[in-house]
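[1] Model the structure of this input:
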Amino acid sequence: MNALELGILLPAFLAGTLVVLTHVPLGQEVLRRGIIFINLAVAQVAGLGVIASHSFGWETHGWEVQLAAISTALAGAFFLNWCERRWPDIEEAIIGVLFVMAATAGILLLANNPHAGEHLKELLVGQILWVTYETLIPVAVVYAFILAAWFTLYKRFGSPAFYALFAITVTLPVQLVGIYLVFASLIIPALATRKATQHRLWLGYALGLSGYAIGLAASAVFDLPTGAVIVWTLAVSAMLTAGMVSVMKGIQRRKN
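    Alright, predicted model coming up:
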């Protein structure tokens, strides 16, 4: 792997690291709450904000676009929080409806845009190989505050804090890594470590980081779409991790 490839892959790995650090603990909470597809719905609502901002002619990575994405994501998250209190028995169905409506609204907004296919592809699979250190600095700062709030304030404020932190967390990487990777980073580590009784968070972190590292390297070696490869390496890492957890639990039971 030459210096040019490393110059591209290192910022991409740092982007993945930021995503993993924030999405793994939130993903474990999402799995506990049983609202697995909230990530797709809120990320799609954030994507709708990005698409709407493009219709105003704003710069692709300008602050106006991020503000539009975060605002729409927060609106969607607080709507789901309200639905959780009012109709907890059908919340997952409402999440699915919100996802479909946001996705189709984006298609309608792009109906007459000659670059519609390109915009939709960017939202789904992202542009992780085009990430620069400069674009990661504000994301890292915001994520530092989010992690501090998550581990210190979240339990004190309950569901409203969860939905607010969740909306901001999944919105920031949508343009960097795409909706597919946002969802995979949130749910796959949580699923693989759900039966772990010890060090669950650290196992999730190790799984996520290894998935991104191997996926980036494999995409460079085999010249394959990076986002799609990372999703698959996360899945393979998850199967190995889940197997390791099962073996460790079996050994522990025999000792007891």
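
[2] Can you name the residues in contact with stretch 138-158?
    Contacts of stretch 138-158 from elsewhere in the structure, counted by Cβ atoms under 8 Å, 6 or more residues apart in numbering, are 15, 18, 21-22, 25-26, 161-162, 165, 168-169, 172-173, 176. C-beta here means a position set from N, CA and C on the backbone, and glycine is covered the same way.

[3] out of those residues, which one sits closest to residue 221?
    Nearest to residue 221 among the contacts of stretch 138-158, counting by Cβ to Cβ, is residue 15 at 19.4 Å.

[4] do you know how far residue 95 is from residue 163?
    12 Å (Cβ to Cβ, to the nearest Å).

[5] what residues are shared contacts of the two?
    Common neighbours of residue 95 and residue 163 (Cβ under 8 Å, 6+ apart) are residue 80.

[6] burial count for residue 112?
    Close neighbours of residue 112, defined as other Cβ atoms under 10 Å, add up to 8.

[7] If you could redo that for residue 218, that was the one I meant.
    Residue 218: 16 surrounding residues under other Cβ under 10 Å.

[8] Low-confidence stretches in the stretch 51-200 of the chain?
    Scanning the stretch 51-200 of the chain for pLDDT under 70 picks out 54-64, 114-119, 154-155, 157.

[9] Please enumerate the strands of it.
    Secondary structure of the stretch 51-200 of the chain (DSSP state E, counting those that start in this stretch): no strands present.

[10] Can you list the residue ranges for helices in it?
    Using DSSP state H, counting those that start in this stretch, the helices found in the stretch 51-200 of the chain span residues 63-86, 91-109, 116-125, 133-152, 154-157, 159-171, 174-192, 200-222.

[11] From the chain's centre, how far out is the second one? Work that out for me.
    Put plainly, it is helix 91-109. Here helix 91-109 is found 17 Å from its chain centre; the criterion is Cα atoms, centre = their mean, to the nearest Å.

[12] Packing partners of that helix?
    Applying 3 or more Cβ pairs under 8 Å, 6 or more residues apart in numbering; DSSP states H and E, we find helix 91-109 packed against helix 38-55, helix 63-86, helix 116-125.

[13] Now that we have these, can you turn them into JSON lines and tack on distance to residue 139?
    Formatted as JSON lines, the helices and strands packed on helix 91-109 follow (distance: least, Cβ to Cβ, whole Å):
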{"stretch": "helix 38-55", "distance to residue 139": "14"}
{"stretch": "helix 63-86", "distance to residue 139": "10"}
{"stretch": "helix 116-125", "distance to residue 139": "17"}
